[in-house]
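Asks: How does the following fold in three dimensions:
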Amino acid sequence: MSAVRNVPNVCVVLKRSSWRKWVEEEGDARILELVEAGDETVRRMRPGHTDHIETIEETRNALANLGARVYWNDTPHEFRSDETPGRCDLVVTVGGDGTLLGASHGIGPGVPLLGVNSSPAHSIGFFCAAKKGQVHESIAAALDGSLQGAELTRMRVDLNGEPLLHRVLNEALFCHASPAATSRYFLRILDGKGDTIAEEEQKSSGLWVGPAAGSTAAQSSAGGRILPLTSTRLQFVVREPYRPHGGSPAAPHLTMGLVEDGQGLRIRSRMRQAKLFLDGEHIVHDVTIGDVITMRRSSEPLTVLGLTRADVV
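Replies: Reported below is the predicted structural model:
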């Protein structure tokens, strides 16, 4: 990354902590009761919130010291870098990987992203190069161009030929609307022209599909491969495929595989009530019988700063 202009525009996207949402804003009586009792289910909530607030202040001081023009946002899933007055030179997320993932949907190609893990003792921050106590030096390196980054593939998802999202970073989950019901669908791998290379009718608990950045999470937990983060391939992993006894009909064979750059994956629903989740539970679409979902590599990669060579290979 090259150094940015003398007065950089920095967009800071903040997590809203569980403490802030459930205690300060909602005054949830059950949460307050558990907190008062010192219950194990909420024991980390207040310390994590305190760490987060302190890291926000550390970020504020660092950016003031560096002379940046700052735009603040505390709704990661609504953030859009192109809505910032002037050009957004750098996006900084303060939270964990969930905050980074939510903000990433609003970041176009060419805008670098730096993640700050605001509570390392309580939060997952695999994609966060900075953490509490190291914010100033990390942002300074991002702005002067000395902090290198990795270009991560994102995935485009279409429903019945209409684009849903061009910027899926982790994965899509397609399944029945009820987690207790069988997912039924046709799965097809397409070549660059859209012709079918392989196909199969399947029954399962659902299907994970995503780029390399998501291969260390749900895909891996479901039995998939961990891909180099800079890989341009997509991976699909079938969750608990139905395997009939006796061999008739034939057992499924397209239960895990890679979709090469230029190829695509097509799913046709055999369910009246299905769901398509994109990068978690916040973006969800209803799918019905006969609907067609198509997934390909997106033309909009994401540059994440601070990923080391050990992270990407």
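Asks: For the stretch 51-200 of the chain, which segments count as strands?
Replies: 69-73, 90-95, 113-117, 130-131, 149-152, 155-159, 162-168, 172-176, 183-190, 196-204 (DSSP state E, counting those that start in this stretch).
Asks: would CSV of those with mean neighbour count and distance to residue 227 be doable?
Replies: Bear in mind the C-beta positions are built from the backbone N, C-alpha and C, glycine included. Below are the strands of the stretch 51-200 of the chain laid out as CSV (neighbours: other CB atoms under 10 Å; distance: least, CB to CB, whole Å):
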stretch, mean neighbour count, distance to residue 227
strand 69-73, 16, 31
strand 90-95, 28, 23
strand 113-117, 29, 20
strand 130-131, 24, 25
strand 149-152, 20, 11
strand 155-159, 21, 13
strand 162-168, 17, 15
strand 172-176, 23, 16
strand 183-190, 21, 17
strand 196-204, 15, 20
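Asks: Quick one: closest of the ones you listed to residue 294.
Replies: Distance to residue 294, taken as CB to CB, is lowest for strand 155-159 among those, at 4.5 Å.
Asks: how about the strands of the stretch 51-200 of the chain in JSON lines, adding distance to residue 295 and mean pLDDT?
Replies: Compiled in JSON lines, the strands of the stretch 51-200 of the chain are given as follows (distance: least, CB to CB, whole Å; pLDDT from 0 to 100):
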{"stretch": "strand 69-73", "distance to residue 295": "29", "mean pLDDT": "96"}
{"stretch": "strand 90-95", "distance to residue 295": "25", "mean pLDDT": "98"}
{"stretch": "strand 113-117", "distance to residue 295": "23", "mean pLDDT": "97"}
{"stretch": "strand 130-131", "distance to residue 295": "32", "mean pLDDT": "94"}
{"stretch": "strand 149-152", "distance to residue 295": "16", "mean pLDDT": "94"}
{"stretch": "strand 155-159", "distance to residue 295": "5", "mean pLDDT": "98"}
{"stretch": "strand 162-168", "distance to residue 295": "8", "mean pLDDT": "97"}
{"stretch": "strand 172-176", "distance to residue 295": "6", "mean pLDDT": "98"}
{"stretch": "strand 183-190", "distance to residue 295": "10", "mean pLDDT": "97"}
{"stretch": "strand 196-204", "distance to residue 295": "14", "mean pLDDT": "95"}
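Asks: Just tell me which of the ones you listed ends up closest to residue 258.
Replies: Of all these, strand 183-190 comes closest under CB to CB, at 9.6 Å.
Asks: quick one on the thing from earlier: for the strands of the stretch 51-200 of the chain, give me TSV that also has distance to residue 139.
Replies: Below are the strands of the stretch 51-200 of the chain laid out as TSV (distance: least, CB to CB, whole Å):
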stretch	distance to residue 139
strand 69-73	11
strand 90-95	6
strand 113-117	7
strand 130-131	7
strand 149-152	14
strand 155-159	29
strand 162-168	23
strand 172-176	32
strand 183-190	42
strand 196-204	44
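Asks: Looking at those, which is nearest to residue 235?
Replies: When the strands of the stretch 51-200 of the chain are compared (using CB to CB), the closest one is strand 155-159, at 10.2 Å.
Asks: quick check: angle from that closest one to strand 172-176?
Replies: Angle, strand 155-159 to strand 172-176, by axes from the mean of the first three to the mean of the last three CA atoms, to 10 degrees: 30 degrees.
Asks: which other residues reach strand 155-159?
Replies: 163-166, 168-169, 172, 209-211, 234, 276, 278, 285, 287, 291-299 (CB atoms under 8 Å, 6 or more residues apart in numbering).
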